[in-house]
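*Asks:* sequence plus the predicted model coming up.
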Amino acid sequence: MKTPIIAEKAPKMLTLEPGTYYWCACGKSKNQPFCDGSHAGSEFTPMPFKIDEKKDVWLCQCKHSNNKPYCDGTHRKL
């Protein structure tokens with residue numbers, strides 16, 4: 001499997017409303033940390049995740065977290 005592009009070596013804190021979101025796994029999206037379809041033609045696919053109630057989340061932008069789509073601090077080691 002190819003290595004994703006590091007969009008940023010820091011997470012993105014967002015307050016998300018309930019719903020389904022699609023996290024960018026390839027790192028190419030211009031709408032980080034969400035998918036914009038830039039993965040088309042690659043082996044990457046966006047990761048769907050669901051939010052059940054309004055809450056703050058820290059989403060991974062380095063694309064190497066072991067807790068995707070959430071940040072686990074891996075960006076500090078890259």
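*Replies:* In hand now; what should we look at?

*Asks:* ok, Pro33 - how many residues close by?
*Replies:* When neighbours are defined as other C-beta atoms under 10 Å, Pro33 has 24 of them. From N, CA and C alone the C-beta is placed, and that goes for glycine too.

*Asks:* and it, what does it touch?
*Replies:* For Pro33, the contact set (C-beta atoms under 8 Å, 6 or more residues apart in numbering) comprises Ala7, Lys12, Leu14, Trp23, Cys24, Leu59, Cys60, Gln61, Pro69.

*Asks:* buried subset of those, written for ChimeraX?
*Replies:* Buried subset of those, written as a ChimeraX selection, criterion 16 or more other C-beta atoms under 10 Å:
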select :7,23,24,59,60,61,69
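
*Asks:* which pair in the contacts of Pro33 spans the largest distance?
*Replies:* Farthest pair in these (C-beta to C-beta) is Ala7 and Leu14. Separation: 14.1 Å.

*Asks:* who's in contact with Lys28?
*Replies:* Ile5, Ser38, His39, Ser42 are the contacts of Lys28 under C-beta under 8 Å, 6+ apart.

*Asks:* wait, the first one sits on Gln61?
*Replies:* No: under the criterion of C-beta atoms under 8 Å, Ile5 is not in contact with Gln61, lying 10.3 Å apart.

*Asks:* sorry, back to before: list buried residues within the contacts of Lys28.
*Replies:* Ser38, His39.

*Asks:* of the contacts of Lys28, closest to Phe49?
*Replies:* His39 (16.1 Å).

*Asks:* what sits against that closest one?
*Replies:* Cys24, Ala25, Cys26, Lys28, Ser29, Thr45, Pro46.

*Asks:* now swap in Leu16 and tell me
*Replies:* Ile51, Lys54, Lys55, Asp56, Val57.

*Asks:* roughly how far does the closest residue to Cys71 other than its chain neighbours sit from Thr20?
*Replies:* Counting by C-beta to C-beta, 6 or more residues apart in numbering, Cys71 lies nearest to Pro11, which is 3.5 Å off, once chain neighbours are set aside. As for Pro11, its distance to Thr20 is 20 Å (criterion: C-beta to C-beta, to the nearest Å).

*Asks:* equivalent analysis for Lys55, please.
*Replies:* 14 Å.
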